[in-house]
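[1] below is the sequence, then the predicted model.
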Amino acid sequence: MAKRRDPQQVRSRQLVDSVIDATVALLRVSSPSELTVVAISEQAGCSAAGMFRFFADKDAIFAAVAELLQVSLRKRYLDALSDPATRTVDDAIKVLVDVTASYIRKEPAFRSLRWGAGAPLHEVTRVYRETNRVAADALVDRFAELRRKEHRTYLAVEAAGHLIGLAFENHPKGHAATLQIAIEQAQLLLNH
């Protein structure tokens, strides 16, 4: 993350958390390009100078928000993959796509950071790729037959992620046919 420094004291941690929480709340109703440092600091109840003790710039705040949102999504992936009802690789791919689509539908801040004007694409993309790596590693850990296909598993997750992105790019609820293609393409990559 592009933070200047990590908070060491409880009060500093609270300030960082309030900036991140305020930014999430604002991203639920605005695009990144509409947010100003002043709006974020007012929502967080702190000064801009106080924010910049911990964040190099607004993009660093967005990167921290992306990380927070992705940590939540990663936990959902791990929970879904540990469910005994997820018995096969094909089941797992469907579950991962469904979990992702559900999360995107429920979290407007995620949508805003991914497709909103002014989103810091480099940092956000880096965080998304880390999430894809977590999902691929979880698949490999869960299914022994994928251990010899680690790279292919990562590619399948990346491809599905890209297709999910396309499904939501212009459709707030996700284009159903594109989501189905995401499932099918990832399954195809892993089954051959």
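    Thanks, I have the structure now.
[2] how far off centre is stretch 154-167?
    If you compare the mean C-alpha spot of stretch 154-167 with that of the full chain, they lie 13 Å apart, counting by Cα atoms, centre = their mean, to the nearest Å.
[3] in that stretch, which residues are buried?
    The neighbour-count check on stretch 154-167 (16 or more other Cβ atoms under 10 Å) flags 154-161, 163-167 as buried. To be clear about C-beta, it is placed using only N, CA and C from the backbone, and glycine gets the same treatment.
[4] would you turn these into TSV with secondary structure?
    Putting these into TSV (DSSP: H, G, I helix; E, B strand; the rest coil) gives the following:
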residue	secondary structure
Y154	helix
L155	helix
A156	helix
V157	helix
E158	helix
A159	helix
A160	helix
G161	helix
L163	helix
I164	helix
G165	helix
L166	helix
A167	helix
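[5] ok, these vs K106, which is closest?
    Minimum distance to K106 across these is 14.3 Å, recorded for I164 (Cβ to Cβ).
[6] the closest one and S112, how far apart?
    Between I164 and S112 the distance is 16 Å, computed by Cβ to Cβ, to the nearest Å.
[7] what of H162?
    Taking Cβ to Cβ as the measure, H162 and S112 are separated by 19 Å.
[8] same thing with V134?
    Separation of V134 from S112 (Cβ to Cβ): 22 Å.
[9] comparing these two, which residue is more hemmed in?
    The neighbour count for V134 versus S112, taken as other Cβ atoms under 10 Å, is higher for S112 (25 against 18).
[10] the more buried one contacts E34, doesn't it?
    No - in terms of Cβ atoms under 8 Å, S112 does not count as a neighbour of E34; the distance is 9.3 Å.
[11] quick one: the strands in this protein?
    Assigned by DSSP state E, the strands in the chain number zero.
[12] where are the low-confidence patches of it?
    Of all residues in the chain, those with pLDDT under 70 make up the ranges 1-8, 120.
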